[in-house]
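Colleague: Could you work out the structure for the sequence below:
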Amino acid sequence: MSATPFSTTLPSLSAVVTRLRAAGCVFAEDEARLLVSAADGPATLTGMVSRRTAGLPLEHVIGWAEFYGLRIAVDTGVFVPRRRTEFLVRQAAALIHQTPAGRPAVVVDLCCGSGALGAALLAAANGSVERYDPVELYASDIDPAAVACARRNLAAGGTVLEGDLFDALPDGLRSRIDILIANVPYVPTRDVALLPSEAREHEPLVALDGGDDGLDVLRRVTAGAPDWLAPGGHLLFETSERQVPDAVRTVRRDGLAPRVVTSEEWEATVVVAQLRGARLGAVALSPDPRGR
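Modeller: This next block holds a predicted model:
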């Protein structure tokens, strides 16, 4: 039997598109361009296309996700940041800009995953020529793979810790946190099976499953937040529209004053909750980095 010669020519873009379409990829053309640009040779591209057509998320195949105009490293098995969560970042960035001058805003990202939110907030705080808002950033996650990924993405500007919610934080942060973002899992357990296969088969369950009603982890966060927030500090989290009434009741029960912000464009719902004792004022949205 003669050996099959090894091809040293990259498959054409159209050939990659055809394979992706056959596998059911809706955005086959866009994905094909990303795969071709990420491959360093024919064998690499063939392997990447095979992994993608087998159902691995595109971000895991190419090793990164676009988020808030940044390229965020995303390792296999790590939660992929959702584009709608950029709306949550915009709310937090607006609050950073309101931090009194003379000290950095103390920001904590619980359930940080890849560290995408923290990286985006650093970019939002430091990306303006007109003003520079210093940030003291901490990020934590219970998943060791996510922590390793976040340490790469936040190497230039954040402290990444491993542990369960507030247990990961140093005691010195008690009553000092200005902005606490908690992108907690909020999918009800019964609905996890309804998620796209890319999520339920390739992302950690701990990053998806929010318990019976989707709010189990959130309740732990709101219960602990008053001990960690500075006077007038804010807790921000994403939730679904149907969960808003229960989420708001949970926030109020634990002594925080909530307001709900929604966006049809982003298909996102965010709750911004302030520690009682400070006036809850209107917050202007920070500029969208894409000019929308």
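
Colleague: What ranges does this structure have for its helices?
Modeller: 13-22, 28-38, 42-53, 58-62, 86-96, 116-126, 144-153, 197-202, 216-228, 244-253 (DSSP state H).

Colleague: From the contact counts, what lies against the first one?
Modeller: It stands for helix 13-22. Contact here means 3 or more C-beta pairs under 8 Å, 6 or more residues apart in numbering; DSSP states H and E; on that basis helix 13-22 packs against helix 28-38, helix 42-53. In short, each C-beta sits where N, CA and C put it, glycine included.

Colleague: any idea how far the residue nearest to Val36 when sequence neighbours are not counted is from Ala146?
Modeller: Leaving aside its sequence neighbours, Val36 sits nearest to Leu13 (C-beta to C-beta, 6 or more residues apart in numbering; 5.8 Å). For Leu13, the distance to Ala146 (C-beta to C-beta, to the nearest Å) stands at 33 Å.

Colleague: Looking at these two, which one has more neighbours?
Modeller: Ala146 (27 against 13; other C-beta atoms under 10 Å).

Colleague: Contact partners for the more buried one?
Modeller: 78-79, 112-114, 204, 207 (C-beta atoms under 8 Å, 6 or more residues apart in numbering).

Colleague: what about the residue nearest to Val36, distance to Leu20?
Modeller: For Leu13, the distance to Leu20 equals 11 Å [C-beta to C-beta].

Colleague: My understanding was that Ala28 contacts Leu13; is that so?
Modeller: No. Checked against C-beta atoms under 8 Å, the pair Ala28 and Leu13 is beyond contact range at 10.3 Å.

Colleague: Residues that sit against both of those two, list them.
Modeller: By C-beta under 8 Å, 6+ apart, no residue touches both Ala28 and Leu13.
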